[in-house]
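Sequence and predicted structure are below.
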Amino acid sequence: MLFRWHTAPMPERIVVTSEPLNAETPLGRDTAAITPVGRHYVRTHFPRPSPPHEIVVDGAVRNGARYDLAALQALAARTLTVTLECAGNGRAYLEPKVPGEQWRLGAVGTAEWTGVPLRTLLERADLGPSAREILFRGADRGTPKELAREIAFERSLPIADALADDVLVAYAMNGAPLAPEHGAPWRLIVPGRYGMASVKWLERVSAIEEPFAGFYQHTKYVIDGAPLPAIAPRAVIVEPADGARIPRPLPDTEGRAGTFEIRGYAWSGVGGIARVDVSVEPARSRSERHWRAATLGQQVSPDAWREFTLKMLIIGAGSSGEFETEILARATDATGTTQPLEQRHNALGYMNNQARPVRVRIV
C-alpha cells in the first residue's frame, strides 16, 4: 500500500522581494521535470527595464552586427533543457546569517530554452586575434548599495566558454516567447553556470581585449575573491513536504506494512547526476546514518535536473504513538563530487549546497 497525503495547492511563485522581483519556484508534490514559466524562479538585480529592440555585437571583431528578433529567428536554432540555479540558493539556512536575498531552496528551475547558439553570432562577427573575453550587458541598470553610481548588469565569459555549443541567446522558454521577468525579448543561457551568468534583457555582446573587472564579476559572485565555479551538486526532496504528517496504516492480511514515497530532483553543473543516496532516521539518531540508493529517472540532459524516488516502509505499522523521522538526500555527480552534509559558509552566502533535512511525523 502506497500512502498519499493531502497537500495544499502550490502557489505560482514564492515572492522574496517584490521590487525588484525575486521569487522562488515552489518545490512540492506538483514539481515536474519542466518548470512552468509562471513558477520558474526569478532573480532580478535592478528594476525591470524597457526591453531592448536589438542586440549589438561589437568590440574586437571584424564584422560588427545588430540583430533584431526577426534576424535572430532567421538563424538556425537549438532547444536545450537546462536547470538554472541562483548562486545564493540555500542562503537562508546559513548560520550565522549573511546579507543577500534570503533564498531557501526554490531559487532553481528547469526549462526548455530555444534560441541561437552564441557561437553563431561570434563566428559571423569574426573575432579578432586580440579578443580575450566576451562581455554581456543587460538593459537593466541601477545603483548597488555598495556603489555610488549607476551601472548596468554585466558579466563576461572566457572566449572558449562563450564558443561552447550549448551557450544560447534564447528567445523562447517552454515553447513560448520569453516572459518579461525572464528577460524578454531575449537572454543568455549558460548551462552549468549559476544563473548570474545567463544575462537577461541582453542588449550588447562585446569582444574585449582585457579581463572584465566589473562589479558583478569581481565584487559579487565570488568566494574569497575567486570566481564561482560550476553549479555544485544538490538534491532536494519535494515529497513528502517538511512537517508532513503521514498516517500509519494497519498491516494487510499478510502482515505487510504500508509504504510512503520519497521523491525529489538532483542536479550539478559538471555533468549528470550519477547517484542520489537517501537516509531515513529517527530525528534523535543523527549521529549514525544508513544510506540507501534512490532510483534515478531519465537524465534528459546533462544540464538538467534528474528525478529520484525511493519507497520506504512505514516502520512499526499498526503500533501506537507518534514519532518524528528525518529524511536526508545527497547527490553525487558524474565527477564523483558528493553534496556535503555541512553548511558551506562564506561572506556572501554563495553555493551553500548543504543537504537539507525534511522532517515528517508518522502518526
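Happy to help now that I have it. Numbering: from 1, shown residues only.

So which residues of the stretch 101-250 of the chain form helices?
Under the criterion DSSP state H, counting those that start in this stretch, helices of the stretch 101-250 of the chain are mapped to 118-125, 159-162.

Out of those helices, which is closest to residue 183?
Using C-beta to C-beta as the measure, helix 118-125 is the one of the helices of the stretch 101-250 of the chain that comes nearest residue 183, at 14.4 Å. For every residue, glycine as well, the C-beta is placed using N, CA and C.

Which other helices and strands does the closest one contact?
For helix 118-125, the elements it packs on are strand 55-59, strand 65-67, helix 159-162, strand 168-173, strand 202-208, judged by 3 or more C-beta pairs under 8 Å, 6 or more residues apart in numbering; DSSP states H and E.

Turn these into CSV, including mean pLDDT, distance to residue 268 and mean neighbour count.
CSV is the format used below for the helices and strands packed on helix 118-125 (pLDDT from 0 to 100; distance: least, C-beta to C-beta, whole Å; neighbours: other C-beta atoms under 10 Å):
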stretch, mean pLDDT, distance to residue 268, mean neighbour count
strand 55-59, 98, 30, 19
strand 65-67, 98, 33, 15
helix 159-162, 98, 17, 15
strand 168-173, 98, 20, 24
strand 202-208, 98, 26, 21
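
among those, which is nearest residue 30?
Closest approach to residue 30 among these (C-beta to C-beta): strand 168-173, 18.9 Å.

now the angle between helix 118-125 and that closest one, please.
130 degrees (axes from the mean of the first three to the mean of the last three C-alpha atoms, to 10 degrees).

could you check the angle strand 202-208 makes with strand 168-173?
Using the same axes, to 10 degrees, the inter-axis angle of strand 168-173 relative to strand 202-208 is 170 degrees.

where in the stretch 51-200 of the chain is pLDDT low?
Flagging of the stretch 51-200 of the chain using pLDDT under 70 yields an empty set of residue ranges.

Which parts of this structure belong to which domain?
Segmentation of the chain into domains, based on automatic domain parsing, reads 14-227, 234-362.

and the residue most central in space within the chain, what is it in contact with?
A centroid search over the chain (C-alpha atoms, centre = their mean) returns residue 85, at 1.9 Å, as the residue closest to the centre. Listed by C-beta atoms under 8 Å, 6 or more residues apart in numbering, the contact partners of residue 85 are 107-108, 194-195, 231, 234, 267.

One more: residue 65?
Contacts for residue 65 were tallied using C-beta under 8 Å, 6+ apart; they are 56-57, 121, 124-125.

so how far is residue 54 from it?
To residue 54, residue 65 is 10 Å away according to C-beta to C-beta, to the nearest Å.

do residue 22 as well
In terms of C-beta to C-beta, residue 22 sits 28 Å off from residue 54.

Quick check: bridge partners of the closest residue to residue 121 other than its chain neighbours?
With C-beta to C-beta, 6 or more residues apart in numbering as the criterion, residue 121 has its nearest non-adjacent residue at 5.6 Å, and that residue is residue 57. Going by DSSP bridges, residue 57 is paired in beta bridges with residue 65, residue 205.

Need the contacts of residue 85 in CSV (columns: distance to residue 203 and neighbour count).
Rendered in CSV, the data for these read as follows (distance: C-beta to C-beta, whole Å; neighbours: other C-beta atoms under 10 Å):
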residue, distance to residue 203, neighbour count
107, 25, 27
108, 26, 25
194, 21, 24
195, 18, 24
231, 26, 25
234, 32, 31
267, 29, 26
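
Which pair of those residues spans the longest distance?
By the measure C-beta to C-beta, the contacts of residue 85 have their two most distant members at 195 and 234, which lie 13.6 Å apart.

Turn the helices of the stretch 101-250 of the chain into JSON lines, columns for distance to residue 310.
Listed next are the helices of the stretch 101-250 of the chain as JSON lines, based on distance: least, C-beta to C-beta, whole Å:
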{"stretch": "helix 118-125", "distance to residue 310": "39"}
{"stretch": "helix 159-162", "distance to residue 310": "36"}
